[in-house]
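Engineer: Got a sequence here, can you build the structure:
(chains A and B)
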Amino acid sequence: MQLPDFMMIISSSYGLSLLIWAVISIILLYMARKPAHEAILSVSKIIFHAFRLFSSSILMAEKKLKERNKEVLLASGRAASERILEREFERIDAFVKKDLSHFPTLQREITDSVVRLDEDYQKSAEIPPAPPGWTKAIEPIASIPPSEDSMVAEILKSIKDALDKGQEKALASYRKSSEKRHNYLKDMVPTLRHINKSVAGLDKNVQTLLERSATVDRHMDEYAQINKQNDTAAQMLSSSSLTQFFIAGFVLAIAVGGAFINFNLISRPMQEMVGGSVYMMGFKVADIAALVIILVEVSMGLFLMESLRITRLFPVIGALDDKVRVRMIIVSFVFLFLLASVEAGLAYMRELLSADDAALVAGLLGGASSEGIDASGRWITTAAQMGMGFILPFALTFIAIPLESFIHSSRTVMGVVMAALLRFLAMFFRFLGNISRYAGKSLVHIYDLVIFLPLWLEGLVLNTTDKGTKETENVISSVEVAPIKKKAVRNTKKSVAKDEVIAVIEEVKE
Amino acid sequence: MRSLIISVIMVLGFSACSTGPHKAHNKGVYMLVDTSGTYTKELKKAQQIINYTLSQLNAGDSFVVASIDTGSFSEKDIIAKITFDDRPSKANQQKRAFQKKIEQYIQGVKSSPYTDITGGILQATEYLNERDTRTKTIMIFSDLKQELKKGYVRDIPFSLGNYEVVALNVTKLRSDNIDPREYMDRLELWKKRIEGGGGKWDVINDLERLDKLIKG
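Structural biologist: Below you'll find the predicted structure:
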């Protein structure tokens, strides 16, 4: 390394010139020590505060983002709860309409049955047959003691016979009436069974209703929690969102795999339609066309799901009039069906093209004709390809459900990730701030290291000064100065220059 | 304003869509087949290579087979040429027709007394430059021994930027067996000429390595 000519103080000696420059530099640095230290420290302080400011503003942004995330989470949770509650109420409504609508009829039937039962009961009440009236009249005659008079005996016998006959008649009548009453009671059994069945059915319906109301209560509790906007609800929703995100992502990945298979099924035959060597933006037009068909199918699937109110990605479709919505269902389904048919046709064409390619390659390379290949089982692959071509578009329709979950949950996940990123940034800036602060301090020490020689000399001089100061202290103690003044002297020792100290001593002496 | 933006996007979209098959995505292959002297016995191998090349080319690619004879810088030496149709099924039909044409040619080929390889290469570059294909490959099926008729000037430098020149089945001549340096010098000479023109040089003598023939 060479010094420039203008720096060569002693032109004959490079080393000496360098040494002189070094000494000059050290002296200058020593002279500028205090302002240089201040400058270094202030710059490091500025950088430190700037980074701190950055860090605090990022933390504030993170806080706002967290609040926003919470709001979004609670809003989506509220919407989901409202949706579930709405669905539950719809179910209850349908249940009430279906199962409890015939409640008045049932009630009337039961009332009728009860009335009938009451009537039958009344009829079945036991009424003992009235004894014939003449029996009392003949009781005195019958109480006549038997005598040997044949006439009397004859009369008594005939009375006894008459009484026996009357008794038999009464017994028969009683039996008949009992049978009739039993029949009435027998008739009551099916009515009772009917009532029992009706009441059991009613009981079951009421139980179901109670269960549904318990579910509604549970959802209402959740809804109330969300409405309170407390952290527990937010945490619950957040973890639920994360789960949803990963599950929906997994299902979407499967769907993408399906779409990829679908793409491969139709991209080759598409070359027959749009050409195999036409490119757009570096991609084959045939591939783009195949991709567009698949995307159109997915869109139709989305519209179908939306019109069926299974998903709610487009509020406009959900809010459509029922008549228009049904039309939309039909239109999107028809489109889907047509596209699926087109795909099945393309899959068939693919098989034909593959067979043609195979025959050509066999002819060119092997010299064998395609007839040599056993084609008896080819219909299986053809049928399988056509079937896949037809089914996959309908299967892709169901992407809408995980897609909706994914979109909704990704808002939360993105928010969480962004918040974490901001926090990390804030930490990083804080770290940089601290580094700049300590770097400033280190630079000050390094500065002192460079000028260690003049500093060492200064130290020696100051030591001498210290000794002088101690002597001065002795003088002060000998003149017995006041304690306050002693303290003033001690403080002055540390910071004030030597001549100032002497001035103070003189003042004290006076 | 909105319609203007849409129009601009549409124009850009359509301009990005290349309408022809010859726009920087297709391959161009020009095969020179030596028909001089005893090398005609090797033409069965040339047919194999042509068939293999046909199986590797796709819709929109161009393929030419031309013979190397006394004066090869001529369109008359082109045996068969094709640019495959956009539709794969049609391209397959074209390949079959091409194969038949080559077969017929090989059956009735007559050997020429001279070998003008340089003329063939110049003809190939002229054709492929005109086709403007993305990759340009010249395959030379020859022993690379150039023999020119008196009066033919062929000390012309090549311009082979973006070209790949592959020498196939470079057979050893009787004199090569006596002094192998002749063979090596011959290969080195052609390598220098091709690379001097900016082209990429390769030699494939083992026909099992044909998979490396058509790239991209």
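Engineer: Identify the residue nearest the geometric centre of chain B.
Structural biologist: Centroid-nearest residue in chain B: residue B:30, 2.0 Å away (criterion: Cα atoms, centre = their mean).
Engineer: Of all residues in chain B, which one is closest to chain A?
Structural biologist: Using Cβ to the nearest Cβ, residue B:60 is the residue of chain B that sits closest to chain A, at 2.5 Å. To be clear about C-beta, it is placed using only N, CA and C from the backbone, and glycine gets the same treatment.
Engineer: what's the distance between that residue and residue B:51?
Structural biologist: Here the criterion is Cβ to Cβ, to the nearest Å. By it, residue B:60 lies 20 Å from residue B:51.
Engineer: Which one's more surrounded, those two?
Structural biologist: Set residue B:60 next to residue B:51 and count neighbours by other Cβ atoms under 10 Å in any protein chain shown: residue B:60 wins out with 24 against 21.
Engineer: quick one: secondary structure of that one?
Structural biologist: Classification of residue B:60 using DSSP: H, G, I helix; E, B strand; the rest coil returns coil.
Engineer: which residues does it contact?
Structural biologist: Residues near residue B:60 by Cβ atoms under 8 Å, 6 or more residues apart in numbering or on different chains: A:275-277, B:21-22, B:25-26, B:83-84, B:86.
Engineer: Helices of chain B, residue ranges please.
Structural biologist: In chain B, the helices defined using DSSP state H lie at B:2-16, B:43-56, B:88-107, B:117-131, B:174-178, B:180-196.
Engineer: likewise the stretch 51-200 of chain A?
Structural biologist: A:103-124, A:134-142, A:150-228 (DSSP state H, counting those that start in this stretch).
Engineer: Pick out the residue of chain A closest to chain B.
Structural biologist: Counting by Cβ to the nearest Cβ, chain A gets nearest chain B through residue A:277, at 2.5 Å.
Engineer: Three-state assignment for that residue, please.
Structural biologist: Criterion first, three-state DSSP; result for residue A:277: coil.
Engineer: these two touch, right, residue A:262 and residue A:394?
Structural biologist: No. Assessed by Cβ atoms under 8 Å, residue A:262 is found out of contact with residue A:394, at 11.1 Å.
Engineer: Comparing these two, which residue is more hemmed in?
Structural biologist: Between residue A:262 and residue A:394, residue A:262 has the larger neighbour count (other Cβ under 10 Å), namely 25 against 16.
Engineer: Listing request: residues of the stretch 401-510 of chain A with sub-threshold pLDDT.
Structural biologist: The model of the stretch 401-510 of chain A has pLDDT under 70 over residues A:468, A:470-510.
Engineer: what stretches of chain B score poorly on pLDDT?
Structural biologist: Across chain B (using pLDDT under 70), the flagged ranges come out as B:1-24, B:215-216.
Engineer: rerun at 50
Structural biologist: Across chain B, residues meeting the criterion (pLDDT under 50) sit at B:1-4, B:6-8, B:11-12, B:14-22.
Engineer: The stretch 201-350 of chain A now?
Structural biologist: Scanning the stretch 201-350 of chain A for pLDDT under 50 picks out no residues.
Engineer: Get me the contact residues on it for chain B.
Structural biologist: Residues of the stretch 201-350 of chain A found near chain B (Cβ under 8 Å from any Cβ of the partner chain) are A:268, A:271-272, A:275-281, A:285.
Engineer: Restricted to buried residues, select those in ChimeraX.
Structural biologist: Typed into ChimeraX, the next command selects the buried ones out of these (criterion: 16 or more other Cβ atoms under 10 Å in any protein chain shown):
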select /A:268,271,272,275,276,277,278,279,280,285
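Engineer: and the two most separated of the residues of the stretch 201-350 of chain A next to chain B?
Structural biologist: Between any two of these, the greatest separation by Cβ to Cβ is 21.8 Å, found for A:272 and A:281.
Engineer: Who are the contact partners of residue A:388?
Structural biologist: Counted by Cβ under 8 Å, 6+ apart, residue A:388 has contacts A:261-262, A:265, A:347.
Engineer: And it, its phi and psi?
Structural biologist: Backbone dihedrals for residue A:388, given as degrees, to the nearest 10, come out at phi -60, psi -40.
Engineer: again, but for residue B:144
Structural biologist: Main-chain torsions, residue B:144, degrees, to the nearest 10: phi 70, psi 20.
Engineer: Now for it: which residues touch it?
Structural biologist: Neighbouring residues of residue B:144 by Cβ under 8 Å, 6+ apart: B:117, B:167, B:170, B:186-187, B:190.
Engineer: wait, which of those residues is closest to residue A:301?
Structural biologist: residue B:167 (56.3 Å).
Engineer: Close to chain B: what parts of chain A are there?
Structural biologist: That would be A:268, A:271-272, A:275-281, A:285, A:353, A:356-357, A:360-361, A:363-365, which are the residues of chain A within reach of chain B (Cβ under 8 Å from any Cβ).
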